[in-house]
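> sequence and predicted structure, then a few things I'm wondering about:
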Amino acid sequence: MKILSFVSSLDLSCGGPSRSVPMLVKGLAELGVDITLMTIRSKDMNTHALEGTTAKLKVLEPSFSKKDIAKYLADEKFELIQIQSMWDWPYHKLMVEARRLGIPYIVTPRGMLEAWSLSQKKWKKILAWGLYQRKDVQKSACVFTTAKMEAEHVSELAITTCKAVIPNGIETNAYPCKTSIDVVKKQVLFLSRIHVKKGIEILFDAWKRIHSDFSDWQLLVVGNGEAEYVHSLEMNVKSLGLKNSIKILPPVFGEAKIKLYQESALFCLPSFSESFGMVIAEAMSCGTPVVTTTNCPWKTLNETKTGWCIGLSVDNLEHTLREALNMSPIVLYDMGQRASKLIYDNFGYRSVTRKTLHLYEWLLNGGEKPEFVLK
C-alpha cells in the first residue's frame, strides 16, 4: 500500500493540523504503510514526529507548478492520496491531477466546511464551491471527518460521498498527566492560535464580570496570531481594566507548553468553530479540565464530568467560570485526572491510525464497510 498525505503547511503557526497530520503519518508508518507526507516549504516546519520512522517527506517549493505535481504523482504511482484540508489552490491542483491519473483520494476538510468557516470570505467560497470545490469533494473516495458533528455538516451540503468519522490522535506520552496538586496555580489557560474564531473577546467580557470576585486568579492567553489582531486584544484588555489579571503571551512549545497545561487549574477554548480541537485533547491529557463550546465536538466533557461544553455566550461563559473557579482545588484536580484517562483510552494516536489503515484497506480492496463509515 503506497499512500500520499498532503497538507499545504506544517508550519508551527498553523495550529492543530501541523501536529495532527504528522502524528497520523507517523502512526501509519509504524504499521508498515509506505507513506509520504508532502507539504510546501515554510519557516518552522513541524516534522519531528517523522524522525525515526520509515515515513518519507516531500517538500515542495512555494513556486511549484501543476506540472511538478503531475510528474511527481505519475512517477511515484501512489495508490491513494489523503488531502488534509481544502480551499487553498494547491489542494485543488492535487485533486485534479489525482482524477486525471485515476488515483482515488480522500478529502479531510479539517473544519473548512463548518458554518463559521464558510461564512468567512463568503462570496469567494460560494464562487469556488460552485466552480470546482464541490466537484472536488463529491468525486473523492471518502470524506474523512474528525467528529460525527463534522460529518453531519458535510452531508447538509448535499455531499453524498461516504464519510468516515475518525478523531485526531495524540501521543499521550508527550502530554503526561500532572501527578501532584502542588504544581497547580490559580490560573485559567487559553492556548491556541490567536484568531477571531477562537472567541477570545467573549472570554475577556466574561472575565471582566468575574475578576473582582476571583482577584487571585489569572487568565493567560498564549499563542501566535496576526500582529494587528494581537494588538487589538492588548488594547481591549487595557480598556477593560484587566491588565493585572490577563496576560497575552507568545506561543510556547515542548516542555514549556506541557508545563503551562499542567500548572493551569482550568483550560478554556470558547471557540466559534472547531472540527476537533487538538489543544483540548492535549490539555486533558495533561490532567487539566476544559471549558469549551458546543461549536466543538466535545459534548463528552459534560457526559463524563471532565469539563464543560456550553453554548457560546458571555452569560454562559461567566456562569461556567464562576462554577469552576468556586470548586475546591482537589475537585478540579480529580476532574483533570479523569480527563487524562479519557484521552488515554480513546484518543491515542496508535488506535486512531489503526482505524485509518482499516479505512484505506476498505477503500482499496472493498469488503465489509467499517462501523465508523457513514453514508
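Nice, thanks for sending it over. Residues are numbered from 1 along each chain as shown.
> doesn't F6 make contact with I81?
Yes: here I81 reaches F6: they are 6.7 Å apart, a contact under C-beta atoms under 8 Å. Every C-beta, even on glycine, is put in place using the N, C-alpha and C of the backbone.
> mutual contacts of these two, please.
Common neighbours of I81 and F6, using C-beta atoms under 8 Å, 6 or more residues apart in numbering, are L94.
> in contact with V154, which residues?
V154 touches P109, L113, V137, V143, T145, K163, counting by C-beta under 8 Å, 6+ apart.
> please report which of these has the highest neighbour count.
T145 (29 neighbours; other C-beta atoms under 10 Å).
> what about that one, distance to I159?
11 Å (C-beta to C-beta, to the nearest Å).
> next one: R322
41 Å.
> and these two? Which one has more around it.
When neighbours are counted by other C-beta under 10 Å, R322 and I159 differ, and I159 comes out ahead with 19 against 14.
> isn't that one up against V143?
Yes: assessed by C-beta under 8 Å, I159 is found in contact with V143 at 6.4 Å.
> what is in contact with the two at once?
In contact with both I159 and V143: V137, using C-beta under 8 Å, 6+ apart.
> mind checking pLDDT for S63?
The model reports S63 with a pLDDT of 85.
> name the SS class of it, please.
The assignment at S63 comes out as coil when based on DSSP: H, G, I helix; E, B strand; the rest coil.
> okay, now it: neighbour count?
S63 - counted by other C-beta under 10 Å - has 8 other residues nearby.
> who's in contact with it?
So S63 contacts nothing (C-beta under 8 Å, 6+ apart).
> measure it to I40 for me?
Counting by C-beta to C-beta, the gap from S63 to I40 is 10 Å.
> so where is this structure shaky, pLDDT-wise?
13-16 (pLDDT under 70).
> so where do the strands sit in it?
For the chain, the strands defined by DSSP state E cover 2-6, 34-40, 56-60, 80-83, 105-107, 142-145, 163-165, 185-191, 218-222, 246-249, 264-269, 290-293, 307-310, 373-374.
> now render those as a markdown table, adding distance to P90.
Formatted as a markdown table, the strands of the chain follow (distance: least, C-beta to C-beta, whole Å):
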| stretch | distance to P90 |
| --- | --- |
| strand 2-6 | 8 |
| strand 34-40 | 7 |
| strand 56-60 | 8 |
| strand 80-83 | 10 |
| strand 105-107 | 13 |
| strand 142-145 | 18 |
| strand 163-165 | 23 |
| strand 185-191 | 29 |
| strand 218-222 | 30 |
| strand 246-249 | 32 |
| strand 264-269 | 28 |
| strand 290-293 | 31 |
| strand 307-310 | 34 |
| strand 373-374 | 27 |
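> among those strands, which comes closest to R354?
The closest approach between R354 and any of the strands of the chain, judged by C-beta to C-beta, belongs to strand 163-165 at 13.1 Å.
> the closest one pairs with which strands?
strand 142-145 (parallel), strand 373-374 (antiparallel) (DSSP bridges).
> closest to I330 out of those?
Of the strands paired with strand 163-165, the one closest to I330 (C-beta to C-beta) turns out to be strand 142-145, at 37.5 Å.
> can you mark which positions in stretch 166-178 are buried?
Buried residues in stretch 166-178, counting neighbours by 16 or more other C-beta atoms under 10 Å, are found at I166, P167, N168, G169, I170, E171, T172, A174, Y175, C177, K178.
> how far is it from where the chain is centred?
13 Å (C-alpha atoms, centre = their mean, to the nearest Å).
> kindly report the same for stretch 305-322.
21 Å.
> next, the distance between the ends of stretch 164-184.
By C-alpha to C-alpha, to the nearest Å, the extent of stretch 164-184 from end to end equals 38 Å.
> what does stretch 133-145 give?
Start-to-end, stretch 133-145 (C-alpha to C-alpha) is 17 Å.
> other residues contacting it?
Residues contacting stretch 133-145 (C-beta under 8 Å, 6+ apart): 80, 82-83, 86-87, 91-92, 95-96, 99, 104-109, 113, 125, 151, 154, 157, 159-166, 275, 359, 363, 373.
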